[in-house]
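Trainee: Would you be able to build a 3D model of this:
(2 chains)
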Amino acid sequence: MTLKAVKGFKDILPEEARKRQKIEEVARQVFEGCGLQEVRTPILEKTEVFARGIGEHTDIVEKEMYTFKDRNGQLLTLRPEATAGILRAVIEHKLYNVSPVLKFYTMGPMFRHERPQKGRLRQFHQLNVEYIGSDSPVADAEVIFLAYEVVSRFASEEDLLLEINSLGCPQCRPLHRKDLVYFLKNNMEDLCKDCQRRSQLNPLRVFDCKNEQCQKVLKFAPVMKHYICPECASHMGKVLDALEAFGIPFVQNPYLVRGLDYYRRTTFELRAKGLGAQSTVAAGGRYDGLSRLFDGPELPGVGMAIGVERLLLLMKGELEAEEVDLFIAALGSEARTEALYWLGYLRRNGLRVEYSLEDKSLKAQMKQADRVGARYCLIVGEREMDEEEAILRNMETKEQEILDLDDLPEILLEKTKS
RNA sequence: GUGGGCGUAGCUCAGUUGGUUAGAGCGUCGGGUUGUGGCCCCGGAGGUCGAGGGUUCAAAUCCCUCCGCUCACCCCA
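Mentor: Below is the predicted model:
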């Protein structure tokens, strides 16, 4: 095999494409039903957009981005996530002047150079929601509602777990961070190598460590909950109240943290059973500080992303095939030419009609009609052409009736309408 | 970047202590019905056994190297 797709990039073949269409259809319906508007930003951005937004020292920026120079020497990056590009667009077009609160959704491919595994590809797809311009806790709850609503259409709710936490704000978070770093420093010898490294780069991440020894130590580590300022605490409380009002079950996880630097206050993950190690199907949070990193105005925001590939893993069973209304089996050049006229007429009138591209035996054409799941089959050969008639066969009941060629398309349209 | 598992037909997989033209089921195409689908019967097409090298009279099978896929670590949606 000489020519293959690039590692971590997959062909989406018909069966899977249909499932994705379904996912996108449901997502659109849910999002637009809640008053969101679709935006589509470029897949390619100046590297700076992500370097500034996501954080210079995150793994994503340091080693996972597809970054390259174009022919003019411009440093560009395939987007590894959606939020930075959307916020860039909002600021570039001053959309915050159009409306004080923007409710956007987008969907499409993202790119990260990671080692592929179950539920993780290098080109992956997300459904994204961004609420920009509101610092209301109800915005947080609505975003979470949207994630839960879409995911629960494809997964049983008992398999889902919504975890939520507050990361605090620039007033209270640094206090916690300082104490945590101090704590980690004092317990350095009891931590695994990874956590020793993490405690330097991204201290909050140590809480994710699966090492038992580390977890023992971390039981005594300072937790954000005890540092949170009254404003953040009140915000969190209102988010939780709203979630309860929406009827969405959740658990608080004081150790839940985020990989991206721009998150503030509310953060959440929606996890699902049966996904393997990559169990998060949707995640998001509040990013009030991001706009200013882009030299934009003070602009609060909250958003989330649903991983489409992970949603696909949760979808059970096959989608039933679209029904074909009619198959036209024509034999001989005269009938086959006439059939093209009917085909055009019926298709223009919204009927789903199929036809054999090759002049095959009737048996072969019937077989094809059966395979595509046609409800009716129109049979026209030389004999019928001579008699100026055609046979309409109900594929299920095997009943056949003889139709006059005069006004045939109109009659077919009438008879095969479901 | 690190570690484990797996590479035989389009798909799912058999293939004995190394042994002659590498098999099955499904799918596909055709025939059984010179003009009627599914079920049944018969037949055809389709493989550099992941690649290269080595051992051997003989390798899908044993050894080495590489490549690919996959799961997990890392990290993250």
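Trainee: Please enumerate the helices of the stretch 151-300 of chain A.
Mentor: All helices of the stretch 151-300 of chain A, identified by DSSP state H, counting those that start in this stretch, fall at A:173-186, A:193-201, A:212-218, A:230-246, A:290-293.
Trainee: right, and those - which one's nearest RNA strand B?
Mentor: Proximity to RNA strand B (C-beta to the nearest atom of the strand) singles out helix A:193-201 among the helices of the stretch 151-300 of chain A, at 5.0 Å. For the C-beta atoms, the positions are set from N, CA and C on the backbone; glycine is no exception.
Trainee: List the buried residues in that closest one.
Mentor: Buried positions in helix A:193-201, judged by neighbour count with 16 or more other C-beta atoms under 10 Å: A:C195, A:R198, A:S199.
Trainee: do it and RNA strand B meet at all?
Mentor: Yes. Helix A:193-201 lies within reach of RNA strand B by C-beta under 7 Å from any atom of the strand, at A:D194, A:R198.
Trainee: Tell me where the model's unsure across the stretch 1-150 of chain A.
Mentor: Along the stretch 1-150 of chain A, segments meeting pLDDT under 70 span A:1-2, A:56-58, A:61-62.
Trainee: hang on, the earlier thing: please identify the most buried of the helices of the stretch 151-300 of chain A.
Mentor: Mean neighbour count (mean count of other C-beta atoms under 10 Å) peaks for helix A:290-293 among the helices of the stretch 151-300 of chain A, with a mean of 19.
Trainee: Residues contacting that helix, please?
Mentor: A:52-53, A:83-84, A:87, A:90-91, A:262, A:297-301 (C-beta atoms under 8 Å, 6 or more residues apart in numbering).
Trainee: Alongside RNA strand B, which residues does the stretch 101-250 of chain A contribute?
Mentor: Applying C-beta under 7 Å from any atom of the strand, we find that the stretch 101-250 of chain A lies next to RNA strand B at A:112, A:114-121, A:124, A:126, A:194, A:198, A:202, A:205, A:208-210.
Trainee: Counting residues, which helix of chain A comes out longest?
Mentor: Ordering each helix of chain A by length in residues (DSSP state H) puts helix A:14-33 first.
Trainee: partners of the helix or strand just after that helix, with directions?
Mentor: Next helix or strand after helix A:14-33 toward the C-terminus (DSSP states H and E): strand A:37-38. Paired with strand A:37-38 in the same sheet, following DSSP bridges, are strand A:102-111 (parallel).
Trainee: OK, contacts around A:Q171?
Mentor: Residues in contact with A:Q171, defined by C-beta under 8 Å, 6+ apart, are A:C229, A:E231, A:C232.
Trainee: my read: A:P80 touches A:M65, true?
Mentor: Yes. Here A:P80 reaches A:M65: they are 5.4 Å apart, a contact under C-beta atoms under 8 Å.
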